[in-house]
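Enquirer: Coordinates for the following, if possible.
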Amino acid sequence: MTDAGASDARSACQTPGAWAPGATPWRPGVDAELPKRTLLIDGSRDSLVALEPIVAELGAHVHHARTLADALRYAFKFCYDVLLVDAGMGGQTPLAFLEQLSKVQPTAGVLLSGDSLRFPAGFSLGGNLLGSCRKPWDLQEMLAALRRAVELSRARRAPRARFPALRVGFERVLVLGTAADHRRIERMTRLWFAPGGLVHASTLEEAVALLGHQSFDLVLTDLCLPDACGLDPVLRVRRVSAQTPIVVLSAQEDVALFDQVLQAGAQDVLLKPELERQTLFRSMWHARQRQRAQSHLLHGALHDDLTSLAKRTLLSQRIANALARSRRSGNTFAVMYIDLDHFKRINDEYGHDVGDAVLVAVSQRLKSAVREYDTVARLGGDEFAILLDSLDGAAEVETVAQRVLSSLAPPIRIQERDLDVTASMGISVFPEGGTVAEELLRSADQAMYSAKRAGRNTYSLRPHSDLALPSSKPPASNAFPISNVVAPAPSALPVSGVAPVGGSCPSAAASSVPTPAARSTPPAISRSAPPARSAAGSASS
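Expert: You can find the predicted model right below:
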């Protein structure tokens with residue numbers, strides 16, 4: 001569509017004093033929602049005919065200037081998102097004209113067009129030059145270039161925060177050091193922050209108290225404080241607020257100490273004698289970006305990619321923390337080891353995509369069955385673990401175990417299929433099940449195999465794993481007796497492996513099993529346990 005430029009006197013870009021070269025013909029926050037406009041600066045009308053259907057895809061208007069003088073008149077009257085310039089105007093790329101045009105239209109993206117394009121070294125138009133499109137134009141390529149230019153222009157016109165630090169996300173910064181340091185940084189960052197955005201603490205204890213009750217976007221700290229010196233300020237701040245970026249201010253250069261400071265968790269070190277406004281602001285920005293990158297890497301190292309649950313490393317760390325808390329408070333805690341029953345059959349019958357979807361659904365159900373501060377982890381494959389922290393007694397463990405198994409009772413709907421999934425669970429309780437993380441996990445793993453021998457879809461406690469307790473889930477219609485170890489037809493998959501309500505102890509269950517001679521020979525459905533497990537691990541999953 002064509003928008004007659006000379007007749008559009010209602011343009012919001014028209015502001016008093018905007019008619020001299022170099023003036024800014026737009027108002028931030030007012031012009032951000034103006035109609036999308038493209039200025040085509042090209043001597044050929046064929047270019048306008050080719051461009052009109054492309055800009056129509058964006059819902060934009062196009063103005064056509066056949067001469068450089070016409071282009072300037074348009075540029076002083078309207079706000080443009082894109083300036084599409086023929087590089088051959090006047091026989092060569094009009095560099096001086098483009099630089100003047102970019103000053104008049106500071107938010108517009110510039111695209112050069114032509115049969116052959118050559119740019120002199122360092123030619124950038126102040127960042128407005130976004131690229132080039134060779135003639136004849138490719139519809140999709142030109143459409144993508146125009147869309148990028150429009151997005152950039154709209155972002156440049158968006159309202160900005162009054163204070164520079166707020167624009168990049170620093171609302172509150174804690175300065176830990178002397179009053180003189182605080183006054184210097186306050187003068188240096190004048191008008192950076194909103195009132196109250198720069199907070200001062202003269203001692204480490206005061207800073208720790210503030211960090212415990214308030215949220216800060218950055219901490220600027222000295223290494224020599226009245227109550228701490230050296231690495232202590234960095235270590236304490238990092239311990240209290242693990243995700244807050246830290247920039248260290250030092251009066252003297254000590255490369256060896258700076259290496260230790262960065263290893264302790266700081267993102268940057270600045271020398272006080274060399275401190276300047278630009279250096280400080282750049283360091284604050286880089287510190288936050290580094291902290292975000294480190295947090296992302298750390299999250300990936302400690303959390304499962306598929307389910308976002310904790311990995312074994314993070315689970316072991318949290319068990320170690322629970323051990324320390326239990327020894328101080330006298331409370332107990334428990335570790336649950338969970339293995340899905342016959343999960344391999346789901347992968348074999350429906351594929352790994354369905355299997356992955358089942359694992360995600362199971363992880364969500366496990367998280368919903370426990371408290372927010374309990375830890376649910378995926379140990380690998382179809383094996384999960386749960387850390388139940390700060391329990392009052394063993395009775396509470398059984399209540400949670402029943403709730404976890406009940407959460408898996410409803411069928412999981414994947415790709416218009418209802419899949420029955422059950423689990424066998426082993427539980428170890430501190431201190432009877434172990435006094436270190438690996439012992440507790442090993443005891444829970446052994447108890448889980450006791451639950452499998454008892455008929456699956458149940459849980460077993462260590463050190464009393466010989467008393468496996470059944471789940472309350474009723475048998476599914478497509479279930480088959482697990483004790484017979486008979487593989488069903490494919491139409492009966494996936495296997496529920498459900499123990500009857502009110503099931504008996506393992507010895508009673510064994511008495512109902514037919515003799516080997518009476519069984520038909522089934523296909524193999526068992527899996528070998530990892531070598532590190534006990535002999536009980538040979539039970540089929």
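
Enquirer: Okay, helices next: where are they in the stretch 101-250 of the chain?
Expert: 139-157, 164-167, 179-188, 204-213, 232-240 (DSSP state H, counting those that start in this stretch).

Enquirer: Now render those as JSON lines, adding distance to residue 282, mean pLDDT and mean neighbour count.
Expert: Every residue, glycine included, has its C-beta placed from N, CA and C. Below are the helices of the stretch 101-250 of the chain laid out as JSON lines (distance: least, Cβ to Cβ, whole Å; pLDDT from 0 to 100; neighbours: other Cβ atoms under 10 Å):
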{"stretch": "helix 139-157", "distance to residue 282": "21", "mean pLDDT": "79", "mean neighbour count": "17"}
{"stretch": "helix 164-167", "distance to residue 282": "12", "mean pLDDT": "58", "mean neighbour count": "16"}
{"stretch": "helix 179-188", "distance to residue 282": "13", "mean pLDDT": "90", "mean neighbour count": "14"}
{"stretch": "helix 204-213", "distance to residue 282": "24", "mean pLDDT": "92", "mean neighbour count": "16"}
{"stretch": "helix 232-240", "distance to residue 282": "20", "mean pLDDT": "92", "mean neighbour count": "18"}
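
Enquirer: Nearest approach to residue 433 belongs to which of those helices?
Expert: helix 232-240 (29.6 Å; Cβ to Cβ).

Enquirer: just how off-centre is that closest one within its chain?
Expert: 25 Å (Cα atoms, centre = their mean, to the nearest Å).

Enquirer: orientation of it relative to helix 204-213 in degrees?
Expert: Interaxial angle of helix 232-240 relative to helix 204-213 (axes from the mean of the first three to the mean of the last three Cα atoms, to 10 degrees): 20 degrees.

Enquirer: Need the contact partners of helix 232-240.
Expert: Residues outside helix 232-240 that contact it (Cβ atoms under 8 Å, 6 or more residues apart in numbering): 176, 204, 207-208, 211-212, 219, 221-223, 225, 228, 244, 246, 248, 261, 264-266.

Enquirer: Swap in 6 Å and give it another go.
Expert: 204, 208, 211, 219, 221, 225, 246, 261, 264, 265, 266 (Cβ atoms under 6 Å, 6 or more residues apart in numbering).

Enquirer: who wins for most neighbours among those?
Expert: Neighbour counts for those (other Cβ atoms under 10 Å) peak at residue 219, which has 28 neighbours.

Enquirer: didn't that residue look like it was pressed against residue 174?
Expert: Yes. The pair residue 219 / residue 174 is scored as a contact, 4.8 Å apart, by Cβ atoms under 6 Å.

Enquirer: Any idea how many residues pack against residue 270?
Expert: By other Cβ under 10 Å, neighbour count at residue 270 equals 19.

Enquirer: Correct me if wrong, but it is in a helix.
Expert: No. Looking at residue 270 with DSSP: H, G, I helix; E, B strand; the rest coil, it is strand, so not inside a helix.

Enquirer: give me the beta-bridge partners of it?
Expert: Residue 270 has these beta-bridge partners by DSSP bridges: residue 249.

Enquirer: What separation is there between it and residue 38?
Expert: Separation of residue 270 from residue 38 (Cβ to Cβ, to the nearest Å): 46 Å.

Enquirer: do the same with residue 328
Expert: Distance from residue 328 to residue 38, by Cβ to Cβ: 68 Å.

Enquirer: between those two, which one's more packed in?
Expert: Neighbours around residue 328 and residue 38, counted as other Cβ under 10 Å, are more numerous at residue 38. The numbers are 26 against 8.

Enquirer: And the more buried one, what's its pLDDT?
Expert: pLDDT, residue 38: 86.

Enquirer: now residue 385
Expert: On pLDDT, residue 385 comes in at 96.

Enquirer: Who is it paired with across the strands?
Expert: residue 337, residue 377.

Enquirer: neighbours around it, how many?
Expert: 28.

Enquirer: List the residues that contact it.
Expert: With Cβ under 6 Å, 6+ apart as the criterion, the residues that contact residue 385 are 315, 337, 377, 379.

Enquirer: how about a markdown table for those, with neighbour count, distance to residue 77 and pLDDT added?
Expert: Formatted as a markdown table, these follow (neighbours: other Cβ atoms under 10 Å; distance: Cβ to Cβ, whole Å; pLDDT from 0 to 100):
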| residue | neighbour count | distance to residue 77 | pLDDT |
| --- | --- | --- | --- |
| 315 | 23 | 65 | 94 |
| 337 | 28 | 73 | 96 |
| 377 | 29 | 64 | 96 |
| 379 | 19 | 67 | 94 |
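
Enquirer: Relative to residue 366, how far out is residue 417?
Expert: 21 Å.

Enquirer: of those two, who's got more company?
Expert: residue 366 (24 against 14).

Enquirer: For the more buried one, which residues are in contact?
Expert: residue 376.

Enquirer: Distance from whichever helix or strand it is part of to the middle of the chain?
Expert: For residue 366, the element it lies in under DSSP states H and E is helix 352-369. Remark: helix 352-369 is offset 19 Å from the chain centroid, using Cα atoms, centre = their mean.

Enquirer: What of stretch 298-312?
Expert: With Cα atoms, centre = their mean, you get 11 Å for stretch 298-312.

Enquirer: who's in contact with that stretch?
Expert: Contacts for stretch 298-312 (Cβ under 6 Å, 6+ apart): 314, 356, 360, 363, 375, 376, 377, 378, 379.

Enquirer: go with 10 Å
Expert: 242-243, 313-318, 356-357, 359-364, 366-367, 375-380, 383-387, 437, 441 (Cβ atoms under 10 Å, 6 or more residues apart in numbering).

Enquirer: Look up how far residue 365 lies from residue 377.
Expert: For residue 377 relative to residue 365 (Cβ to Cβ), the value is 15 Å.

Enquirer: Residue 174 now?
Expert: Distance from residue 174 to residue 365, by Cβ to Cβ: 41 Å.

Enquirer: quick one: which of these two has more around it?
Expert: residue 174 (23 against 18).

Enquirer: distance between the ends of stretch 221-240?
Expert: Separation of the first and last residues of stretch 221-240 by Cα to Cα, to the nearest Å is 14 Å.

Enquirer: Now for residue 45, how many residues are close by?
Expert: For residue 45, the count of nearby residues is 10 (other Cβ under 10 Å).

Enquirer: was I right about it contacting residue 65?
Expert: No. Using Cβ atoms under 10 Å, residue 45 is not in contact with residue 65, being 11.8 Å away.

Enquirer: of all the helices of the stretch 101-250 of the chain, which lies closest to residue 77?
Expert: Checked against Cβ to Cβ, the stretch from the helices of the stretch 101-250 of the chain lying closest is helix 139-157, at 16.7 Å.
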